[in-house]
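1. sequence below, structure please.
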Amino acid sequence: MEGFRYFPDTTSQTPSSYSDQSLESAFSRLNVSSFSQPPFSGVGYSSGPAPKYPSRRNEPSFLDDGVFGRLDLEDVWVGGSGTDPGFGGFGSNSNSNLHSDIATNWSQEPLNSLSVADLRGKIASLAKDQYGCRFFQKALDDEPKEFTDMIFAEVVENVGHLMLDPYGNYVVQKLVEVCSEEQRTQILLRLTKNPILFITLCLHSRGTRSVQKLMKKISARDQISLFVSALSCGVVDLSMNINGQHIIENCLKNFADKHKRCLLNVMIDNCISIAKDKVGCCLLQQCIDYSYGETRGRLIAAITGEALSLAQDRYGNYVLQHLLGLRAPQVTSNLLRQFQGNYMFLSCGKYGSNVVEKCLLESEEEQSADIIRELCISPNLSMLLMHPFGNYVIQTALSVSKGLTHAFLLNLVQQYTPALLSNQYGKRVLAWRERSLRHM
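-> Numbering: from 1, shown residues only. Next comes the predicted model:
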């Protein structure tokens, strides 16, 4: 979502003039509380049992075990206590003081009579309301730069809170679009001051939108280095999260190889666990496509080394099929070597059979013939004809085989025709043979 979509005015009040009312009476009508949360700030580092991710001791929150993915996407940022105002964290919406006590029955009209200067000190609070959000986005588009600077001064102090807010995140996105390069750097410095909290923003369903908007606007080498460095401690969690994976994907597509190399190094070290994840398997395919040279070679080698395990996994098999689809001779040869001696076993598996079919379709004629010969010398070959998954391998083998190999398979089908006629999977093989004979 690129920007805030205007909401229809649901009030039915009769418009009236506010030109003669005082500023105090206008705010009384709005009933907006002050923004009392502390700035988006850092946390301490722990020497506890989770060396992979720094955390604050005695905080049984999302930082436990370093697993960002456990954070409830509907949790919100809450400020620190009076004894520790510099620390903030995430908690349930129901217990949070993030949202200001804005009344639900007031209209937009009081804001229309005020300027940004009149709202000094209330900008962060109003940005979290439907009408305030609309007002500040319009002001950022239409008003002079001095008003942009005024909005920036208050938003940057509370940028972490606002990025998580249903309305405030749109103000942050608009501000990132129109502010100066120096101001973007200030936003980036504040967000990345504590990498753990920055990662948590990237994982959040609203926070990720603002972070992606910021990514599109940064271009200086120092900005990109700072951004990537802050991401590096949470690459694995981001890669396996539906919101976080968009951040990594944008880095792969838009940043130079020297900047994304540190992210790819972490991906390589954890590629097997990422490949076996529903979200991660898709991102790992992007990593293969957007990596180059020695880094790409190391990534492919790490995946190939665990090919037999990945071929049997519900998500990992897609990564192998993607590698085979590259039709890179060396990559294909290395994968086939990993599977050698296991084609019959894989052909009987729900996920492995898909990989064997891909091997037959994407390899050279001689290589596919070797696979079929391995299947043919197995004493269980006839079982494949009537197997729920193996029958598809036989059909693919029939479609790619030639010469004596193809004739052998046809004779095998003919030999077992009586048994195949009484089996629902065997009938599929017979149906394929009939279609094939009609087209000869």
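2. packing partners of whichever strand or helix holds R337?
-> Secondary structure from DSSP states H and E places R337 in helix 329-339. Packing partners of helix 329-339 (3 or more CB pairs under 8 Å, 6 or more residues apart in numbering; DSSP states H and E): helix 293-304, helix 307-311, helix 316-325, helix 352-362, helix 365-376. Every C-beta, even on glycine, is put in place using the N, C-alpha and C of the backbone.
3. 10 Å - rerun?
-> helix 293-304, helix 307-311, helix 316-325, helix 343-347, helix 352-362, helix 365-376 (3 or more CB pairs under 10 Å, 6 or more residues apart in numbering; DSSP states H and E).
4. can you give me how far the third one is from the chain middle?
-> Taking CA atoms, centre = their mean, to the nearest Å, the mean C-alpha location of helix 316-325 is offset from the chain mean by 19 Å.
5. could you give the angle of that helix to helix 329-339?
-> When axes from the mean of the first three to the mean of the last three CA atoms, to 10 degrees is applied, the directions of helix 316-325 and helix 329-339 differ by 140 degrees.
6. again, but for the last one
-> Per the same axes, to 10 degrees, the angle that helix 365-376 makes with helix 329-339 is 10 degrees.
7. give me the buried positions along helix 365-376.
-> 368-369, 371-372, 374-375 (16 or more other CB atoms under 10 Å).
8. and those residues as JSON lines, adding distance to D165 and pLDDT?
-> Listed next are the buried residues of helix 365-376 as JSON lines, based on distance: CB to CB, whole Å; pLDDT from 0 to 100:
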{"residue": "S368", "distance to D165": "57", "pLDDT": "95"}
{"residue": "A369", "distance to D165": "62", "pLDDT": "94"}
{"residue": "I371", "distance to D165": "56", "pLDDT": "96"}
{"residue": "I372", "distance to D165": "60", "pLDDT": "94"}
{"residue": "E374", "distance to D165": "60", "pLDDT": "94"}
{"residue": "L375", "distance to D165": "59", "pLDDT": "93"}
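9. which of those residues lies closest to N411?
-> I372 (13.5 Å; CB to CB).
10. hmm, A407 and that closest one touching each other?
-> No. With contact defined as CB atoms under 10 Å, I372 does not count as touching A407 (11.8 Å).
11. which residues do those two both contact?
-> Shared contacts of I372 and A407 (CB atoms under 10 Å, 6 or more residues apart in numbering): S401.
12. scan this protein for its longest helix.
-> helix 424-438 (DSSP state H).
13. how about the CA coordinates for that helix, as PDB?
-> Extracted C-alpha coordinates of helix 424-438, given in PDB (Å, rounded to 0.1, in the frame of the first residue of the first chain):
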ATOM      1  CA  GLN A 424      -6.900 -46.500 -10.100                       C
ATOM      2  CA  TYR A 425      -3.300 -45.300 -10.400                       C
ATOM      3  CA  GLY A 426      -2.500 -48.000 -13.000                       C
ATOM      4  CA  LYS A 427      -5.400 -46.800 -15.100                       C
ATOM      5  CA  ARG A 428      -3.600 -43.400 -15.400                       C
ATOM      6  CA  VAL A 429      -0.500 -45.100 -16.900                       C
ATOM      7  CA  LEU A 430      -2.700 -47.000 -19.400                       C
ATOM      8  CA  ALA A 431      -4.500 -43.800 -20.300                       C
ATOM      9  CA  TRP A 432      -1.200 -42.100 -21.000                       C
ATOM     10  CA  ARG A 433      -0.100 -45.000 -23.200                       C
ATOM     11  CA  GLU A 434      -3.300 -44.800 -25.200                       C
ATOM     12  CA  ARG A 435      -2.900 -41.100 -25.800                       C
ATOM     13  CA  SER A 436       0.700 -41.600 -26.800                       C
ATOM     14  CA  LEU A 437      -0.200 -44.400 -29.300                       C
ATOM     15  CA  ARG A 438      -2.900 -42.100 -30.900                       C
END
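14. what are the contacting residues of that helix?
-> 382, 384-392, 394-396, 398-399, 406, 409-410, 412-414, 416-421, 423.
15. okay, the helices and strands packed on helix 329-339 in a markdown table with distance to L264 next?
-> Output for the helices and strands packed on helix 329-339, formatted as a markdown table (distance: least, CB to CB, whole Å):
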| stretch | distance to L264 |
| --- | --- |
| helix 293-304 | 5 |
| helix 307-311 | 18 |
| helix 316-325 | 15 |
| helix 343-347 | 29 |
| helix 352-362 | 24 |
| helix 365-376 | 29 |
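16. could you list the buried residues of the longest helix of the chain?
-> Those would be 425-426, 428-430, 432-433, for helix 424-438 by 16+ other CB under 10 Å.
17. just stretch 193-204 next, same as before
-> Residues of stretch 193-204 classed as buried by neighbour count (16+ other CB under 10 Å): 193-204.
18. and which of those is nearest to Q312?
-> L203 (29.4 Å).
19. shouldn't the closest one be in contact with I242?
-> Yes. Checked against CB under 10 Å, the pair L203 and I242 is within contact range at 9.1 Å.
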